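Engineer: A structural model of the following input is requested.
(one chain, ligands or ions: 1)
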Amino acid sequence: MENQVEEFLNALGDAERAGGRVLHELTGQARSLELKELLKKVAHDEGYYAGELSHHVRRLGGNASNKTGDFVEKVRAVGDFRGKLELLNRGQRWVIRKIDENLDNVSDPELKAFLVVMAQGHELNIGALEQALKAAAA
Ligand SMILES: [Fe+2]
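Structural biologist: The predicted structure follows:
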């Protein structure tokens, strides 16, 4: 597979593993039960995306990364819970931007379809979290 695409997919995978870990930590800190459920669901999505990214890299003959991005430390460094959630959503937007920027370089139709749906899933999760932040004192 092309190096550029492999690097892009592995960078996304590292980010998703970091997002999953962050969400797992935040799930434990949420006071509202509904927010806890939402964070658990988003964490599950992140794990799913990370797994699928690795799968696509291997399927296309590349080496799948199993690293976790430094985003975990960045979120840990934020003092308040709401700030952590806001930073999480900014990270999720970064993922959408990266997919938009790289989609034209992806020729494999299955991978392309997966990435389109992954970006849409991120939009949905960002929206759900924004709603939750508006609705509750987290
Ligand atoms: Fe993500």
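
Engineer: Let me know the secondary structure of the most centrally placed residue in the chain.
Structural biologist: By CA atoms, centre = their mean, the mean C-alpha position of the chain lies nearest to Glu16, the distance being 3.9 Å. When classified by DSSP: H, G, I helix; E, B strand; the rest coil, Glu16 comes out as helix.

Engineer: quick one: low-confidence parts of the chain?
Structural biologist: 137-138 (pLDDT under 70).

Engineer: which residues in it form helices?
Structural biologist: Ranges of helices in the chain, per DSSP state H, are 3-29, 33-59, 71-77, 81-102, 109-135.

Engineer: what's the closest of those helices to Ser65?
Structural biologist: The closest of these to Ser65 is helix 3-29. By CB to CB, the value is 3.8 Å. Where you see a C-beta, it was placed from the backbone N, CA and C, and this is true even at glycine.

Engineer: chain center to the closest one, what's the gap?
Structural biologist: Relative to its chain's centre, helix 3-29 lies at 5 Å (CA atoms, centre = their mean, to the nearest Å).

Engineer: Could you tell me how many residues sit around the residue of the chain found nearest the ion?
Structural biologist: Closest approach between the chain and the ion, counting by CB to the ion: Gly19, at 4.1 Å. Per other CB atoms under 10 Å, the neighbour tally for Gly19 reads 28.

Engineer: what does the one 10 residues further on give?
Structural biologist: The tally of other residues near Gln29 (other CB under 10 Å) stands at 13.

Engineer: From Leu35, how far out is the nearest residue to it once chain neighbours are set aside?
Structural biologist: Excluding the flanking residues, the one nearest Gln29 by CB to CB, 6 or more residues apart in numbering is Phe81, at 5.9 Å. Taking CB to CB, to the nearest Å as the criterion, Phe81 is separated from Leu35 by 10 Å.

Engineer: what about the two, which has more around it?
Structural biologist: Using other CB under 10 Å as the criterion, Phe81 and Leu35 rank with Leu35 on top: 21 against 15.

Engineer: Distance check, that one against Gln29.
Structural biologist: The gap separating Leu35 from Gln29 is 10 Å, by CB to CB.
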